[in-house]
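**Q** The following comprises the amino acid sequence and a computationally predicted model.
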Amino acid sequence: MMNVEKIRKDFKMLENTMQGHDLIYFDNAATSLKPKSVVDAVVNYYEHLGVNCHRGDYDLSFQVDSAYENARKGVAEFIGAEEKEIVFTSGTSASLNQIAYGYGKFLNQGDVILSCEAEHASSVLPWMKVAEEKGCGIQYVPLDDEGRITLENFKKVLNDQVKVIALAHVTNVLGYEIPVKEICALAHEKGAVCVIDMAQSAPHMKVNVKDLDCDFAAFSSHKMIGPTGVGVLYGKYDLLQKMEPFMLGGGSNARFDMCGNILLKDAPYKYETGTPPIEGVLGFHAAIQYLSEIGMENIHAYEKELHDYAIEKLSKLDNLILYNPHADTGIITFNVKDVFAQDAASYFNTQGIALRAGQHCAKLLIDKLKTSATLRASLYFYNTKEEIDTFVEACKNATIENCLNVFF
Ligand SMILES: Cc1ncc(COP(=O)(O)O)c(C=O)c1O
């Protein structure tokens, strides 16, 4: 069982106030707050380790190397991968771009990449670039009325031309989980690879890449209580070995000569050129240890409980439009009737509630939602039912007058 009261004491940011109210942080899909153990791990690096990794032969350097590789081991265990399949990047966007750059080279004219309208820009744009360069097509898995991907719709667009499937495990606006395992199995029958954007799943639920059998996965430390500037690219080892990195430089090559012969190291090191964010990787390891101690199943169940609690109350308010009442995670996307999302977000700010307004980097979705912008409240395991009660009260009072009064 989770002891949320105890957990909250680890997150100093939760002591903050905003506009004279206790901060209610509901923008967790954008980034998460950090517990003391993560901050301590970062500070410890600067105060007690301080040197580069993969570089020196002295004690401190060896200690940093061990801590860095231990973090890789921790991440591998966290998602059921092998250590050599974990590449540290700067975040989900960097991982997804690397995959498109590397695997895109194996595509040919007429090949098809499957995406969907609910994808984040970082999932679809790199493939648009590949499609333009290689003469491939991009097709979109039709969403059902709720905005979900169903296996039935997926099967309708899967054919022998499809070589890549690039989809989010959990979409960042509607919070729906896709049937990854079944999609991967069907894709593999056709010889296609599956690139799964786990930016919104890895922080919130147990994922096991071997069980799902995805070919690539990507996620960010900062969305899972770790530092910014660190992410993960998971790839099946033969694919990582086969692909080329998009950056070259120190640390990733074994040797090179004046004739331009470059021998790269084996994966994952060939993808990790230059000095990495060492303190971030060590902080990320602390984050994963923290999450694992609570248990990802517990986190997922608690967030779902919070979500259902909120939806039960919000659905009774007739001044709101709810876009995803049946979301599988803690993402609540809504609008206040007749109020532009950004104006409403400013009103919630005056109540001490941090929400995100806009298109949330999923610009293809606006036609489906029939609105130019939405508000997104995204929950995490340190949020509480009391915070939801305050939020629901603020929603009740979110009249046009109150929302616009913020500006006068
Ligand atoms: C589904 C999804 N994919 C990719 C990203 C990009 O992550 P990052 O900004 O950490 O690279 C996000 C961030 O919001 C996301 O929600």
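**A** It's in. Numbers count the residues shown, from 1 in each chain.

**Q** what are the phi and psi values for Phe11?
**A** Per-residue torsions, Phe11: phi -110, psi 100 (degrees, to the nearest 10).

**Q** Do I have it right that it meets Phe381?
**A** No: between Phe11 and Phe381 there is no contact under Cβ atoms under 8 Å: 10.2 Å. Quick note: C-beta positions are derived from backbone N, CA and C, even for glycine.

**Q** With neighbour numbers in mind, choose between these two.
**A** Remark: of Phe11 and Phe381, Phe381 carries more neighbours, 25 against 20, as counted by other Cβ atoms under 10 Å.

**Q** Run through who's touching the host helix or strand of Leu125.
**A** Assigned by DSSP states H and E, Leu125 belongs to helix 121-134. Outside helix 121-134, the residues that touch it by Cβ atoms under 8 Å, 6 or more residues apart in numbering are 92-93, 96-97, 99-101, 104, 107-109, 111, 113, 115, 136-138, 164, 166-168, 195, 197, 199, 361-364.

**Q** out of those, which are buried?
**A** Using 16 or more other Cβ atoms under 10 Å as the burial test, the contacts of helix 121-134 include 92-93, 96-97, 99-101, 104, 107, 111, 113, 115, 136, 138, 164, 166-168, 195, 197, 199, 361-364 as buried.

**Q** Could you pick out which of these are located in strands?
**A** With strands taken from DSSP state E, the overlap with the buried ones among the contacts of helix 121-134 comprises Ile113, Ser115, Ile138, Val164, Ala166, Leu167, Ala168, Val195, Asp197.

**Q** Counting by contacts, list what the longest helix seen in the chain packs against.
**A** Under DSSP state H, the helix in the chain containing the largest number of residues is helix 59-79. Secondary-structure packing of helix 59-79 (3 or more Cβ pairs under 8 Å, 6 or more residues apart in numbering; DSSP states H and E): strand 86-89, strand 231-235, helix 278-294.

**Q** again, 7 Å this time
**A** Here helix 59-79 touches strand 86-89, helix 278-294, going by 3 or more Cβ pairs under 7 Å, 6 or more residues apart in numbering; DSSP states H and E.

**Q** The contacts of helix 121-134 also near the ligand: which ones?
**A** When contact is defined as Cβ under 6 Å from any ligand atom, the contacts of helix 121-134 meet the ligand at Thr92, Ser93, Ala168, Asp197, Ala199, Cys361.

**Q** which residues touch the residue in the stretch 201-350 of the chain that the ligand sits nearest to?
**A** Nearest residue of the stretch 201-350 of the chain to the ligand (Cβ to the nearest ligand atom) works out as Ser220 at 3.4 Å. Residues near Ser220 by Cβ atoms under 7 Å, 6 or more residues apart in numbering: Gly91, Thr92, Ala199, Gly231.

**Q** Would you pull up the residue in the stretch 251-400 of the chain closest to the ligand?
**A** Per Cβ to the nearest ligand atom, the residue of the stretch 251-400 of the chain with the smallest distance to the ligand is Cys361, at 6.0 Å.

**Q** right, and that residue touches Ser93 too?
**A** No: the criterion here is Cβ atoms under 7 Å, and Cys361 misses it with Ser93 at 9.6 Å.

**Q** then the helix holding Leu125 to PDB, C-alphas only?
**A** Listed next in PDB are the C-alpha coordinates belonging to helix 121-134 (Å, rounded to 0.1, in the frame of the first residue of the first chain):
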ATOM      1  CA  ALA A 121       5.400  15.800 -32.400                       C
ATOM      2  CA  SER A 122       8.500  13.900 -31.300                       C
ATOM      3  CA  SER A 123       7.000  10.600 -32.400                       C
ATOM      4  CA  VAL A 124       5.700  11.600 -35.800                       C
ATOM      5  CA  LEU A 125       7.900  14.500 -37.100                       C
ATOM      6  CA  PRO A 126      11.200  12.500 -37.300                       C
ATOM      7  CA  TRP A 127       9.300   9.900 -39.500                       C
ATOM      8  CA  MET A 128       7.800  12.700 -41.600                       C
ATOM      9  CA  LYS A 129      11.400  13.700 -42.400                       C
ATOM     10  CA  VAL A 130      12.400  10.100 -43.200                       C
ATOM     11  CA  ALA A 131       9.300   9.800 -45.400                       C
ATOM     12  CA  GLU A 132      10.200  13.000 -47.300                       C
ATOM     13  CA  GLU A 133      13.800  11.900 -47.800                       C
ATOM     14  CA  LYS A 134      13.100   8.300 -48.700                       C
END
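
**Q** picking up where we left off before, kindly reformat the ones in strands among the buried ones among the contacts of helix 121-134 as JSON lines and extend each row with pLDDT and distance to Val75.
**A** Shown next, in JSON lines, are those (pLDDT from 0 to 100; distance: Cβ to Cβ, whole Å):
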{"residue": "Ile113", "pLDDT": "98", "distance to Val75": "27"}
{"residue": "Ser115", "pLDDT": "97", "distance to Val75": "26"}
{"residue": "Ile138", "pLDDT": "97", "distance to Val75": "30"}
{"residue": "Val164", "pLDDT": "98", "distance to Val75": "24"}
{"residue": "Ala166", "pLDDT": "98", "distance to Val75": "22"}
{"residue": "Leu167", "pLDDT": "98", "distance to Val75": "22"}
{"residue": "Ala168", "pLDDT": "97", "distance to Val75": "20"}
{"residue": "Val195", "pLDDT": "98", "distance to Val75": "18"}
{"residue": "Asp197", "pLDDT": "98", "distance to Val75": "17"}
